[in-house]
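Novice: below are the sequence and a predicted model; questions follow.
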Amino acid sequence: MQTQQKKIKIIVTMILIGSFFHFYNCEGDKKDNGISQLAVLAVALSQSNAGNNDLPQPNLNTAILRIDNEEFTLTGLDTCETGGTGIIIAMLDADNRPKLNIHNIDFSKTENVSIGGLTGSHLDIDMPGGVLYGAPNNCPATVKETSPTVYDIQVLNCPVIDQNGGPSTPTVSFRARCTKQ
């Protein structure tokens with residue numbers, strides 16, 4: 001949502017700048033030149049934002065979880081440790097759902113990281129009503145930061161299934177940022 005708002009603000013700014021050039025150069029044949037400048041700015045803007053689908057950086061010890069078009073901010077950090085327990089962050093509400101679980105995470109890896117069901121780290125997302133999402137296949141993960149104290153990981157557009165046999169097959173994106181324990 002914030003990324004879309006930024007893009008809209010940038011586009012509006014570019015239109016205003018282009019309009020300024022258009023009206024500033026409003027003498028004779030220079031009118032067309034202002035419109036051309038606006039078109040060039042619009043193309044440059046679209047190319048500069050292409051491929052930047054990163055989720056915004058969450059606050060420390062929180063996660064942003066997107067399931068299809070629904071977004072959650074998870075603030076209940078349980079663990080953030082390398083190994084089997086891994087990273088567990090839940091929404092602080094009556095049932096602590098959704099809950100993001102990334103097991104078997106290796107904080108020393110910074111490249112070729114994957115999260116899913118086949119190799120590497122294991123992903124479960126506990127949802128209200130007994131739904132338990134998991135990634136049946138590996139999804140590429142990006143380590144955004146790994147320092148002596150902070151770990152930040154992102155996964156985009158990972159297909160998941162309800163491990164309890166439910167019919168939905170949504171796509172999940174998340175970014176988790178936590179203090180290493």
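Specialist: It's in. Numbers count the residues shown, from 1 in each chain.

Novice: tell me the domain ranges of the chain?
Specialist: 2-49, 62-179 (automatic domain parsing).

Novice: check those for me: which has the lowest mean pLDDT.
Specialist: Mean pLDDT is lowest for domain 2-49 among the domains of the chain, at a mean of 51.

Novice: now the residue most central in space within the chain. Nearest residue, chain neighbours left out?
Specialist: The structure's the chain has its C-alpha centroid closest to L55; by Cα atoms, centre = their mean the separation is 2.7 Å. The spatial neighbour of L55 that comes closest, neighbours along the chain excluded (Cβ to Cβ, 6 or more residues apart in numbering), is R175 at 4.1 Å. Any C-beta I mention is one placed from the backbone N, CA and C, and that applies to glycine too.

Novice: name the SS class of the one you found, please.
Specialist: Recorded secondary structure, R175: strand (DSSP: H, G, I helix; E, B strand; the rest coil).

Novice: pull the number of nearby residues for it.
Specialist: In terms of burial, R175 registers 21 neighbours under the definition other Cβ atoms under 10 Å.

Novice: ok now do it, which residues does it touch?
Specialist: R175 makes contacts with D54, L55, P56, Q57, P58, A63, I64, K144, D152, I153, Q154, V155, as judged by Cβ atoms under 8 Å, 6 or more residues apart in numbering.

Novice: could you rerun that using 10 Å?
Specialist: When contacts are counted by Cβ atoms under 10 Å, 6 or more residues apart in numbering, R175 touches 54-58, 62-66, 142, 144, 152-156.

Novice: name whatever forms a beta bridge with it.
Specialist: Applying DSSP bridges to R175 yields these beta-bridge partners: I64, Q154.

Novice: surely T149 and R177 touch.
Specialist: No - because the distance of 11.3 Å does not satisfy Cβ atoms under 10 Å, T149 is recorded as not touching R177.

Novice: which stretches in this protein count as strands?
Specialist: For the chain, the strands defined by DSSP state E occupy 62-67, 70-74, 76-80, 87-90, 99-103, 113-115, 122-126, 132-134, 139-146, 150-159, 161-162, 171-179.

Novice: and the ones you listed, which is most packed in?
Specialist: strand 87-90 (a mean of 24; mean count of other Cβ atoms under 10 Å).

Novice: in its sheet, what does that one sit against?
Specialist: The partner list of strand 87-90 in its sheet, established with DSSP bridges, is strand 76-80 (antiparallel), strand 99-103 (antiparallel).

Novice: the inter-axis angle of the first one versus strand 62-67?
Specialist: So the one you mean is strand 76-80. Counting by axes from the mean of the first three to the mean of the last three Cα atoms, to 10 degrees, strand 76-80 lies at 100 degrees to strand 62-67.

Novice: pull the distance from strand 76-80 to the chain's centre.
Specialist: Distance of strand 76-80 from the chain centroid (Cα atoms, centre = their mean, to the nearest Å) equals 19 Å.
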